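In: Fold the following, please.
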Amino acid sequence: MNFDNYFRLLALIANEAHEVGGDTFLWLEQGYKKGAGPIWEAVEWRKTVLSPADVESAGGYLPIGYLRDEDETTRLSFFTVCFEVGPELHRLNILRTCEKYKQNHPIFQAKPALWNEVRRRSSEDEELELLSLRLFKQYEDSELFEFNGTNFILTRALRPTIVSWSKESFPSVPMFARFNPYRCQEDRIRLLEFAMLVPPNPRWWANTNLLRGQVDGGSFILQDCPCTRENQTQFWEFKIKGLRKLEISAKRENNLNLKMTLEELSVDGNGIVGRMIHLDSNCRPGTPADECLLNHLDLAINYYLDDSAKTRMTQKLSDGGRVVDASNRIHLFRIENIPLSSVLAYVDMFFESTILKKEWRDSQLGG
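Out: All right, here's what the predicted structure looks like:
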């Protein structure tokens, strides 16, 4: 085997791991223990070309326990293969996350009636990204949603608590969410989810006094810094989570429609992930925020890759112009007819950076 054949083998492994889903490290470990097949071949060959840099990169992972009964060289090679499968598997996961729903997806094969619950804009411009939540029952604030005896799973990009909080706060409004089109199950095996504080009851913008044709917005940038006791949160968000900036644009159109877009950008390998909130309302200038109903509020994920990633980081939503199109994009959640004052709650639940959210909140409240 040479490196060309090895990388073809990695692509094959990534495709199979992508189809299987679940814990990739555990699946790769089980594949190696078979003593034959693509995973075993990749690990065995990689042992013959381990470099000092490979040993240094993989050495820190030895304590986590995979392949404990194997010798150290085998385990170093195993982790190196895992890391090298990662980028291709990540690319495939992005593509799957952004797929439009199709009637032959497993969830619709399992329950054909769900195809009628897919959100459509019109017969000419179908969205095919979200499912109505009206038939589902959420299990204990988790990612599991039961329908007719089968459990369906929210996309990993959407925190389950966003849905449970929305259903509790606005039980009678139209609501849609993104489910993994490939996964459904009879049992209730759930993912581990970090606990999240219930967001404060926001009282945001005393009124909606943005006049016809006006644009407002802001850009909040997370700076690099050394790790000290005082700035450990900033260090963690910048270095570990890759967070970079939060951008906001609000505009009152000539027809008085109020549009607002918020996007939090983070670095992910060679690409940029944008967590986006978009909303609009027909409320007139001066309407109190608690009385200003939104036509809709969407949560979406944008993936900017290659040149698009470079371009997006140089642009600002707050400038009021159009930014570069995402390489891949998918809606995760939609809710309608809720008050403008609830927007800050979705910012708290959906965006990742505590520092950038606080800077923006303080700028709105004059804090």
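In: Name the helix or strand for the closest residue to residue 99 other than its chain neighbours, please.
Out: Nearest non-adjacent residue to residue 99, counting by CB to CB, 6 or more residues apart in numbering: residue 181, 6.4 Å away. Glycine gets a C-beta too; all of them are placed from N, C-alpha and C. Assigned by DSSP states H and E, residue 181 belongs to strand 179-185.
In: Direction included, what does that strand pair up with?
Out: Counting by DSSP bridges, the strands paired with strand 179-185 are strand 150-154 (antiparallel).
In: Can you give me the distance of the residue nearest to residue 99 to residue 246?
Out: Distance, residue 181 to residue 246, by CB to CB, to the nearest Å: 30 Å.
In: For the two, indicate the residue with more neighbours.
Out: Between residue 181 and residue 246, residue 246 has the larger neighbour count (other CB atoms under 10 Å), namely 25 against 22.
In: Test of understanding: give the bridge partners of the more buried one.
Out: Residue 246 has these beta-bridge partners by DSSP bridges: residue 220, residue 264.
In: so who does it touch?
Out: Going by CB atoms under 8 Å, 6 or more residues apart in numbering, residue 246 touches 219-220, 262-265, 351, 353, 356-357, 359-360.
In: what about the strands in the stretch 51-200 of the chain?
Out: Using DSSP state E, counting those that start in this stretch, the strands of the stretch 51-200 of the chain run over 131-132, 137-138, 144-147, 150-154, 175-177, 179-185.
In: Deepest in the core, which of the ones you listed is it.
Out: Sort the strands of the stretch 51-200 of the chain by mean neighbour count, taking mean count of other CB atoms under 10 Å, and strand 175-177 sits at the top with a mean of 23.
In: That strand pairs with which strands?
Out: Using DSSP bridges, the strands paired with strand 175-177 are strand 131-132 (antiparallel), strand 328-335 (antiparallel).
In: Give me the average confidence score over it.
Out: The pLDDT scores in strand 175-177 average 96.
In: From what I see, residue 179 and residue 154 are in contact.
Out: Yes. Using CB atoms under 8 Å, residue 179 is in contact with residue 154, at 6.0 Å.
In: Residues that sit against both of these two, list them.
Out: With CB under 8 Å, 6+ apart as the test, residue 179 and residue 154 both reach residue 145.
In: Check which helix or strand residue 31 maps to.
Out: Element membership for residue 31 (DSSP H and E) is helix 24-33.
In: picking up where we left off before, which residues touch the residue nearest to residue 99?
Out: Contact analysis of residue 181 by CB under 8 Å, 6+ apart lists 99, 101-102, 105-108.
In: and which of the residues you listed is nearest residue 31?
Out: residue 106 (22.6 Å; CB to CB).
In: what about the stretch 151-300 of the chain, any weak spots by pLDDT?
Out: Within the stretch 151-300 of the chain, the ranges that satisfy pLDDT under 70 run 188-217, 229.
In: how close does residue 50 get to residue 84?
Out: Using CB to CB, one gets 12 Å for the distance from residue 50 to residue 84.
In: Walk me through the domains of the protein.
Out: Following automatic domain parsing, one gets these domains for the chain: 3-97, 106-185, 215-365.
In: Tell me both backbone torsions, phi and psi, for the most centrally placed residue in the chain.
Out: By CA atoms, centre = their mean, the chain has its centre lying nearest to residue 157, at 3.0 Å. With angles defined as degrees, to the nearest 10, residue 157 sits at phi -70, psi -10.
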